[in-house]
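Asker: How does the following fold in three dimensions:
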Amino acid sequence: MTNLNKKHGHIALFVANVIFGINTPITRTIVPEVLDPFVMTFFRMMGAAILFWAISPFTKKEKVPPRDIMLFFFASLFAIVLNQTSFLYGLSKTSPIDASLVVTLLPIVTMLLSAIIIKEPITWLKAVGVLTGASGAIILVLNSNNESSSGSMIGNLIVLGSVTSFALYLTLFKDLISRYSPLTAMKWMFLFAALLTFPMSFNLLTSTNISQFDTSVYLRIGYVVVLSTFLTYMLIPISQKTIRPTTISMYNYLQPVMASILAIIIGLDKFGPDKIISAALVFMGVYIVTQSKSKADLELAKTGER
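Answerer: Coordinates of the predicted model:
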């Protein structure tokens, strides 16, 4: 994993967000009709933790000092626990369309936090790219739901808290994640996530009878746990080693595009000009942000001028 480059990081991000996008309609067939959202969250955390630790003995062992284990605890808190639980709770207080619109703020929040915390510059090119991608995602979300909004300010603010939590993770823990292999980082983070979410879902777990599930439910849960949690969270740290936080967050805009494509394929949505325009704006926005100059690029340019 030492020779990773930006190309590998972009490929990893693309694959992860394609899986996330397909995961959205699959999860909606399980939650809340089959499983309570918090039970599903615990299944994801525990299932991924078991998989990460199960393959750990077969990989190169990395020594993690107590200080970094504590940092992994806080990384887990921001990236997984607070992000997932606040999103689910906020979604229960607002409408799906409002929640989807709030989530499109992730690259903007990440860009602002990166500028404040790690002094990553906000260039005109980066700002244009973020807003271009956001406009594409917003067009797609607004045209994918014809129902009247039943959103609330409280619910929207809680979802914004979820967005801010993940943006803080991308900004604050880049160096920590870069020091270790994706497996080492994720096995510790998901262990802590499983331990933290267990008390919140215990009562609901005891009343869930999984023996009554049919094969299709097990397959869908398997997709959510194995592909949309275990595999994707192995891929995201690969990108964190070489790609800036704002650029990583931009790939979030691919998720509604992929969800829309899947919905069209299985007959739940219709293909139209809005889909083409939205996808074009999203991909254009991602490309523009990748072309913007980083803090290192600007410092190098200043050095060359002297």
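
Asker: what's the burial count for M153?
Answerer: 10 (other Cβ atoms under 10 Å). C-betas here are computed from N, CA, C, even on glycine.

Asker: Sketch out the low-pLDDT regions of the stretch 1-150 of the chain for me.
Answerer: 1-4, 95-97, 144-150 (pLDDT under 70).

Asker: show me the contacts for P237.
Answerer: 177, 181-182, 185-186 (Cβ atoms under 8 Å, 6 or more residues apart in numbering).

Asker: Out of those, which comes closest to A48?
Answerer: Checking the contacts of P237 against A48 by Cβ to Cβ gives M186 as the nearest, at 7.4 Å.

Asker: Counting neighbours, which of the contacts of P237 comes out on top?
Answerer: So for the contacts of P237 (other Cβ under 10 Å), the most neighbours sit at M186, 30 neighbours.

Asker: thinking it is in contact with L235, fair?
Answerer: No. Under the criterion of Cβ atoms under 8 Å, M186 is not in contact with L235, lying 10.1 Å apart.

Asker: Nearest the middle, which residue of this structure would you pick?
Answerer: Residue closest to the average C-alpha location in the chain (Cα atoms, centre = their mean): N252, at 6.7 Å.

Asker: what's near enough to touch it?
Answerer: The neighbourhood of N252, defined by Cβ under 8 Å, 6+ apart, consists of 17, 103-104, 106-107.

Asker: Those: which two are farthest apart?
Answerer: Greatest spacing in the contacts of N252, by Cβ to Cβ: N17 and T104 (13.5 Å).

Asker: Quick check on the two: which one has the bigger neighbour count.
Answerer: Neighbours per residue (other Cβ under 10 Å) separate N17 from T104, with N17 holding more: 24 against 21.

Asker: My read is that the more buried one contacts Q255, right?
Answerer: Yes. N17 lies in contact with Q255 (Cβ under 8 Å); the separation is 5.5 Å.

Asker: If we ignore the residues flanking it in sequence, what's nearest F271?
Answerer: I264 (5.2 Å; Cβ to Cβ, 6 or more residues apart in numbering).

Asker: Against G272, how distant is the one you found?
Answerer: As for I264, its distance to G272 is 9 Å (criterion: Cβ to Cβ, to the nearest Å).

Asker: Compare these two and say which one has the larger neighbour count.
Answerer: Per other Cβ under 10 Å, whichever of I264 and G272 has more neighbours is I264, with 14 against 11.

Asker: what about the helix or strand hosting that one, average pLDDT?
Answerer: Using DSSP states H and E, I264 falls within helix 254-265. Average pLDDT, helix 254-265: 79.

Asker: Check which residues of the helix or strand following that helix are buried.
Answerer: Using DSSP H and E, the helix or strand that follows helix 254-265 towards the C-terminus is helix 273-291. Residues 275, 278-279, 281-286, 288-290 are the ones in helix 273-291 that count as buried (16 or more other Cβ atoms under 10 Å).

Asker: What are the contacting residues of helix 273-291?
Answerer: 10, 107, 125-126, 128-137, 139-140, 143, 246-247, 250-251, 253-254, 256-257, 260, 264.

Asker: just the buried members of these?
Answerer: In the contacts of helix 273-291, the ones that pass as buried (16+ other Cβ under 10 Å) are 10, 107, 126, 129-130, 132-137, 139-140, 143, 246-247, 250-251, 253-254, 256-257, 260.

Asker: show me what contacts the closest residue to W188 other than its chain neighbours?
Answerer: Closest residue to W188 apart from its sequence neighbours, by Cβ to Cβ, 6+ apart: F72 at 4.0 Å. F72 sits next to 64, 176, 185, 188-189, 192 when contact means Cβ under 8 Å, 6+ apart.

Asker: Lovely, talk soon.
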